[in-house]
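# The following comprises the amino acid sequence and a computationally predicted model.
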Amino acid sequence: MNNIEYDVVGITDDLDDESRAREDAHYVEFQMDKAAAPVEQLTEYDGELPLIVSNRPEWAGGDASESTRLEELLAAASADAVDIVEIDLKTIRNEEWLIDELRENEVDVIVAYYDFEQTPEKSELQELIMECDEYGDISKVSVFAEEREDALLLLDCLNEASQSDIRVSGISLGELGQHTRVIGVFYGSEFCFAPIQLDEEAQYGEIELAQLANLLETTVHGGDHVELIDQLKGRF
């Protein structure tokens, strides 16, 4: 199991939280659309962890202004601490020029697909992963699990994509898909995302960063799997 590779990403809209993530994360994702003064935060950032930046519109679960979000994202890509930029698939379909602009800043690009209501059929989800890969460096899919089989479908698609040398990350949203945040790495999911601090009740099955890191350590590096099951039952 020790040959499984993944990166843990702590999510925040306040870069002052970075110090709290250092023990558990490899990256911090900075959600610009939910942040106060995001450009100023990036300018003043002097943390240790490299950054992933996102500036999501409403259809991707964010709050970014349509009139300024791409300009802000391009400005963020030029920051020294930014290694990766996320952009949603719908946007990149309509604004293909954006990929070249982002790459001029020597950042990797995550192209992400979100569906907060359902999980597409397997063939459609496979096509979406491949389309994200055609545009970007890393494909990311987050789809809602209405039934248990949806989580299995997502894991199957992740596995097939990773076996085809596609860099991929994905989760099933919701209670029925919550376990995919932990076990997705066994099927090729490259990144594990978690809020640094979960202030409100998890709407889509989020797991707070410190707990997710602990669960990953237990599963991937051979800890007591009975203990893992007990943790999952007790917390969720």
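Perfect, thanks for sending it. Numbers count the residues shown, from 1 in each chain.

# Spatially central residue for the protein, please.
Nearest to the mean C-alpha position of the chain, counting by CA atoms, centre = their mean, stands Phe193 at 4.7 Å.

# From Asp133, how far off is Tyr187?
16 Å (CB to CB, to the nearest Å). C-betas here are computed from N, CA, C, even on glycine.

# before we move on, what about Leu216?
For Leu216 relative to Asp133 (CB to CB), the value is 24 Å.

# So for the two, which residue has more residues nearby?
More crowded of Leu216 and Asp133, by other CB atoms under 10 Å: Leu216, with 22 against 18.

# what are the ranges of the strands in this structure?
7-12, 27-31, 51-54, 82-88, 108-115, 138-144, 168-173, 191-195 (DSSP state E).

# Counting by contacts, list what the longest one packs against.
Translated: strand 108-115. strand 82-88, helix 89-94, helix 97-103, helix 122-135, strand 138-144 (3 or more CB pairs under 8 Å, 6 or more residues apart in numbering; DSSP states H and E).

# chain center to stretch 44-54, what's the gap?
Here stretch 44-54 is found 15 Å from its chain centre; the criterion is CA atoms, centre = their mean, to the nearest Å.

# So which bits of that stretch are buried?
Neighbour-count burial for stretch 44-54, counted by 16 or more other CB atoms under 10 Å, picks out 45, 49, 51-54.

# and if you look at stretch 151-160?
So stretch 151-160, judged by 16+ other CB under 10 Å, has buried residues 151, 153-155, 157-160.

# could you give the angle of the longest helix seen in the chain to strand 138-144?
The longest helix of the chain (DSSP state H) is helix 148-163. Note on geometry: by axes from the mean of the first three to the mean of the last three CA atoms, to 10 degrees, helix 148-163 and strand 138-144 are set 180 degrees apart in direction.

# show me the contacts for Cys192.
Shown in contact with Cys192 (CB atoms under 8 Å, 6 or more residues apart in numbering): 6-9, 169, 181-182, 184-185, 212, 216.

# nope, Val53 is what I meant
29-30, 32, 42, 73, 76-77, 79, 82, 84-86.

# hmm, try it at 7 Å
For Val53, the contact set (CB atoms under 7 Å, 6 or more residues apart in numbering) comprises 30, 32, 73, 76, 82, 85.

# which non-adjacent residue is nearest it?
Sequence neighbours aside, Ala76 is the residue nearest to Val53 in space, at 4.5 Å (criterion: CB to CB, 6 or more residues apart in numbering).

# Quick check: phi and psi on Ala37?
phi 50, psi 60 (degrees, to the nearest 10).

# Need the per-residue pLDDT for it.
With respect to pLDDT, Ala37 has a value of 93.

# before we move on, back to that, can you tell me which of the strands of the chain is most buried?
Comparing the strands of the chain by mean neighbour count (mean count of other CB atoms under 10 Å), strand 168-173 comes out on top with a mean of 27.

# Show me what that one packs onto, helices and strands only.
strand 138-144, helix 148-163, helix 180-183 (3 or more CB pairs under 7 Å, 6 or more residues apart in numbering; DSSP states H and E).
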